[in-house]
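Asks: here is the input, now give the coordinates:
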Amino acid sequence: MEVIVLAAGKGTRMNSRLPKVLQPLAGRPLLAHVLDTARRLGASRICVVYGHGGEVVRERLDAPDLAWALQEPQLGTGHAVQQALPQLADDGHALVLYGDVPLIGEATLGRLVAAAGSRRLALLTVELDDPTGYGRIIRDAAGRVQRIVEQKDASEDERRVREVNTGILVAPTARLRDWLSRLSNDNAQGEYYLTDIIAMAVAEDVEVAAEQPDRVSETLGVNDKRQLAELERIHQRDIAARLMAAGVTLLDPARIDVRGTLSCGRDVEIDVNCLFEGSVELADGVRVGANCVVKNARLGAGTRLAPFSHVEDTVTGEACVIGPYARTRPGTELADDVHLGNFVEVKNSKVASHSKANHLAYVGDADVGERVNIGAGTITCNYDGANKHRTIIGDDVFVGSDTQLVAPVTIGDGTTIGAGSTIVRDTPQNKLTLSRAKQVTIDNWKRPVKKPKT
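Replies: Alright, predicted model coming up:
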């Protein structure tokens, strides 16, 4: 089986410079969702039909397993499929999908392909309470599909039909090539309709099978930002349902967004308004507080992410506590039982087991040993205006509040840094090191008084 994905639409109603099929759904282009489904079906070839000005689509999503066909000018769906045919072999079947119908399911398409068999043409149809705007499926008295009539070409009786065409079909490629060569644009739109091949198939005694999707939402397309938002909510509800079926506790399934992949162990709990991007793994017993953002991260078993924390490109060990209002940036590695409290930021640093920075600290480009206490207001001064430098903090170090560690610098094991120090040289092990200006009291000093207004 080979797949044709129609992705040449201009998407005028999106009112965006970004092509319609590149609009994001769950953080990924609409077209990317369709291509992933086609790949999971095991397609031997995937050909994407794109439009003039849509070169950015090819640039963004090109891959070794994709072929591309340009449709210019754009003269309808039948004309679009014709552009892909030179890329396909005649001895198989072609499945036609749409780049702006991102939720089509693998199981549904599997049944459609099975219904086509080796000789039949198979359509995906759906029953709608309001079929306005869709092509109607016209059947004979015996219930056999005879043709599809578009809304603008339909009679009053035909418009009452609730079974509609989704546009998704499977057909023998050789026959598809022949049918498309005989299409006419003598219709209200002046376009070459792919749907006209149904009547051709019937006239040639090719059986036309019809399958229904598992859910109507699989067949919904995107034409404007409102529809895009509606599909986003449907997709996120589906993700939430799968997470809960796997044992994840979601305190409100309507308030979670997954823009990538989220895998969870047992007894994971996620509070409201959390966003997961890229590839995220939550081990057993992880708890994510409200209003957190987690991107490309692995959180170890029993780790707790307190509310309003932002974790990106980070790996943690077990039983870590992060937040509230903490931020870990790319390159952060936390060992077991590390505590990062409110308004602590860590970047490109490794923090060993049982160390903590409980509030108001910046740790950047540093290696922090075990059982280290980093006091409030401490920062590693890692940037000299041109280059980054590393800070090494040994085991069992106590760093007093309001300390600046000016890299490159090494703090020896067991060192205590007195509060308010600026450390510019390496410190010896197991010693107290501090640097402070002498405290002075000025006698007979008077506080300035505000001058009265004249």
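
Asks: what residue spans form the domains of the chain?
Replies: 2-219, 253-433 (automatic domain parsing).

Asks: A helix includes Thr108, no?
Replies: Yes: Thr108: assigned to a helix according to DSSP: H, G, I helix; E, B strand; the rest coil.

Asks: how many neighbouring residues does it have?
Replies: 21 (other CB atoms under 10 Å). (C-beta placed from N, C-alpha, C; glycine too.)

Asks: how close does it get to Ile168?
Replies: 9 Å (CB to CB, to the nearest Å).

Asks: between these two, what contacts are shared?
Replies: Taking CB atoms under 8 Å, 6 or more residues apart in numbering as the criterion, Thr108 and Ile168 both touch Leu124.

Asks: what residue ranges in the stretch 351-454 of the chain score low on pLDDT?
Replies: Across the stretch 351-454 of the chain, not a single residue meets the criterion (pLDDT under 70).

Asks: quick one, strands of the stretch 1-150 of the chain?
Replies: 2-7, 24-25, 28-29, 45-51, 66-71, 93-98, 121-127, 136-139, 145-149 (DSSP state E, counting those that start in this stretch).

Asks: mind listing what's buried in stretch 116-124?
Replies: For stretch 116-124, burial by neighbour count (16 or more other CB atoms under 10 Å) applies to Ala116, Arg120, Leu121, Ala122, Leu123, Leu124.

Asks: any idea what the fourth one is bridged to?
Replies: I take that to be Ala122. Following DSSP bridges, Ala122 is listed with bridge partners Val170, Ala209.

Asks: my guess is it contacts Val170. True?
Replies: Yes: between Ala122 and Val170 a contact is recorded at 4.6 Å, counting by CB atoms under 8 Å.

Asks: shared neighbours, the two?
Replies: Each of Leu112, Val113, Ala115, Ala116 lies in contact with both Ala122 and Val170 under the rule CB under 8 Å, 6+ apart.

Asks: and the third one, what's its pLDDT?
Replies: In other words, Ala115. Predicted confidence (pLDDT) for Ala115: 95.

Asks: ok so, going back, ok, which of the strands of the stretch 1-150 of the chain comes nearest Phe343?
Replies: Of all the strands of the stretch 1-150 of the chain, it is strand 24-25 that lies closest to Phe343, at 31.0 Å by CB to CB.

Asks: and the closest one, which strands flank it?
Replies: strand 28-29 (antiparallel).

Asks: average pLDDT for the strand it pairs with, rounded please.
Replies: Rounded mean pLDDT across strand 28-29 is 96.

Asks: can you check stretch 129-141 too?
Replies: 93.

Asks: dump that stretch to CSV, restricted to CA.
Replies: Extracted as CSV, the C-alpha positions of stretch 129-141 are listed here (Å, rounded to 0.1, in the frame of the first residue of the first chain):
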residue,chain,number,x,y,z
ASP,A,129,-26.5,15.4,12.3
ASP,A,130,-25.7,18.4,10.2
PRO,A,131,-24.1,17.4,6.9
THR,A,132,-24.0,21.0,5.5
GLY,A,133,-21.0,21.5,3.3
TYR,A,134,-20.1,17.9,2.8
GLY,A,135,-20.4,15.7,-0.2
ARG,A,136,-23.4,13.3,0.2
ILE,A,137,-23.1,9.5,-0.2
ILE,A,138,-25.8,8.4,-2.7
ARG,A,139,-26.8,4.7,-2.4
ASP,A,140,-29.2,2.6,-4.5
ALA,A,141,-32.3,0.8,-3.1
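
Asks: buried residues in it?
Replies: Pro131, Tyr134, Gly135, Arg136, Ile137, Ile138.

Asks: can I get the domains of the chain in CSV with distance to Asn444?
Replies: Conversion of the domains of the chain to CSV gives the following (distance: least, CB to CB, whole Å):
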stretch, distance to Asn444
domain 2-219, 66
domain 253-433, 27
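
Asks: okay, these, which one's buried deepest?
Replies: domain 253-433 (a mean of 20; mean count of other CB atoms under 10 Å).

Asks: ends of that domain, how far apart?
Replies: Using CA to CA, to the nearest Å, the end-to-end distance of domain 253-433 comes to 52 Å.

Asks: with Asp214 as the reference, name the closest of the strands of the stretch 1-150 of the chain.
Replies: Short answer: strand 121-127, nearest of the strands of the stretch 1-150 of the chain by CB to CB, at 10.7 Å.

Asks: packing partners of the closest one?
Replies: Applying 3 or more CB pairs under 8 Å, 6 or more residues apart in numbering; DSSP states H and E, one finds that strand 121-127 contacts helix 106-116, strand 163-172, helix 197-203, strand 208-211.

Asks: which element follows the last one toward the C-terminus?
Replies: From strand 208-211 onward toward the C-terminus, using DSSP states H and E, the following helix or strand is helix 225-245.

Asks: now what about that following helix, what contacts it?
Replies: Under CB under 8 Å, 6+ apart, the answer for helix 225-245 is 14-16, 23, 25-26, 102-103, 217, 220-222, 250, 253-254, 256-258, 262, 264, 270.

Asks: list the buried residues in that helix.
Replies: Quick answer for helix 225-245 (16+ other CB under 10 Å): Leu228, Leu231, Glu232, Ile234, His235, Gln236, Asp238, Ile239, Ala240, Leu243.

Asks: next one: it to chain centre, how far?
Replies: Its chain's C-alpha centre and that of helix 225-245 lie 12 Å apart, by CA atoms, centre = their mean, to the nearest Å.

Asks: next helix or strand past it?
Replies: Counting by DSSP H and E, the next helix or strand C-terminal to helix 225-245 is strand 249-250.

Asks: kindly check the end-to-end length of stretch 140-152 for me.
Replies: Using CA to CA, the end-to-end distance of stretch 140-152 comes to 21 Å.

Asks: check the offset of it from the chain's centre.
Replies: Stretch 140-152 sits 39 Å away from the centroid of its parent chain (CA atoms, centre = their mean).

Asks: swap in stretch 340-352?
Replies: 26 Å.

Asks: please enumerate residues in contact with it?
Replies: 320-335, 338, 356-370, 372, 395.

Asks: strands - which of these land there?
Replies: 321-322, 327-328, 332-334, 356-364, 366-368 (DSSP state E).

Asks: circling back: which of the shared contacts of Ala122 and Val170 lies closest to Pro448?
Replies: Nearest to Pro448 among those, with distances taken as CB to CB, is Leu112, at 83.5 Å.

Asks: and the pLDDT for the closest one?
Replies: Confidence score, pLDDT, at Leu112: 97.

Asks: I'd say it and Asp214 touch.
Replies: No: the criterion here is CB under 8 Å, and Leu112 misses it with Asp214 at 11.3 Å.

Asks: which residues touch Ile197?
Replies: Ile197 sits in contact with Gly78, Leu121, Ala171, Leu176, Trp179, Leu180, Leu183, where contact means CB under 8 Å, 6+ apart.
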